[in-house]
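[1] Sequence and computational prediction follow.
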Amino acid sequence: MGTHFLLAALRAVARLLTGRPFPAPMTRDRAVLHDRPVSLQQQMQLRRKAMLGRMIERIRPHAELALFAAAFVMATAFAATLREMPEARASNERVEILEIAEENRAFCAARGLPAGGREHTLCVMELNQLRAKHAQRVLQPVGF
């Protein structure tokens, strides 16, 4: 199939450059017309090539249709993903905020500071400042 593709590409380039089609490969009929003897092995090769060419020509429209359908499905899926991306990002941020709030509450409660008290609020604020400093340290070498 690689040889067939190369020949088709060569024919297309020749057609574009010269305005004339590239000569077709030598077949048994063309060999006879050109008074070239064709051995039995060459005849078998020519038949196989002709069979392969016919098979490719039968399959090509279906393969092209399948490729275009696959490209359409992939483009549609990509567009749907892009449309839902902001919602997914917002959902992930909400989950992260809730997880951090729960971690802060558990950390401060483990230190004996009951939730809702002044000391607990100060503890949570200090944890948030600590997280902000850590995020700044992590992002600083990258340049954000």
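    That came through, no problem. Numbers count the residues shown, from 1 in each chain.

[2] Just give me the residue right at the centre of the protein.
    Central residue of the chain (CA atoms, centre = their mean): Met74, 8.5 Å from the mean position.

[3] Output the contacting helices and strands for the host helix or strand of it.
    Assigning secondary structure by DSSP states H and E places Met74 in helix 40-110. Counting contacts by 3 or more CB pairs under 8 Å, 6 or more residues apart in numbering; DSSP states H and E, helix 40-110 is packed against helix 2-18, helix 28-33, helix 118-139. Heads up, the C-betas are built off the backbone N, CA and C, glycines and all.

[4] hmm, 6 Å instead?
    When contacts are defined as 3 or more CB pairs under 6 Å, 6 or more residues apart in numbering; DSSP states H and E, helix 40-110 packs onto helix 118-139.

[5] chain center to the helix it packs on, what's the gap?
    Centroid separation for helix 118-139 versus its chain: 40 Å, with CA atoms, centre = their mean, to the nearest Å.

[6] Could you tell me which residues within that helix count as buried?
    120, 123-124, 127 (16 or more other CB atoms under 10 Å).

[7] what is the mean pLDDT for it?
    In this model, helix 118-139 carries a mean pLDDT of 88.

[8] cool, and stretch 59-67?
    86.

[9] same thing with stretch 79-90?
    On average, stretch 79-90 scores 87.

[10] Pull the contacting residues for Met125.
    Contact criterion CB atoms under 6 Å, 6 or more residues apart in numbering gives no residues in contact with Met125.

[11] distance of it from Leu82?
    38 Å (CB to CB, to the nearest Å).

[12] And for Leu122?
    43 Å.

[13] cool, and Gln129?
    For Gln129, the distance to Leu82 - CB to CB - is 36 Å.

[14] just Phe72 next, same as before
    16 Å.

[15] and Asn104, how many neighbours does it have?
    19 (other CB atoms under 10 Å).
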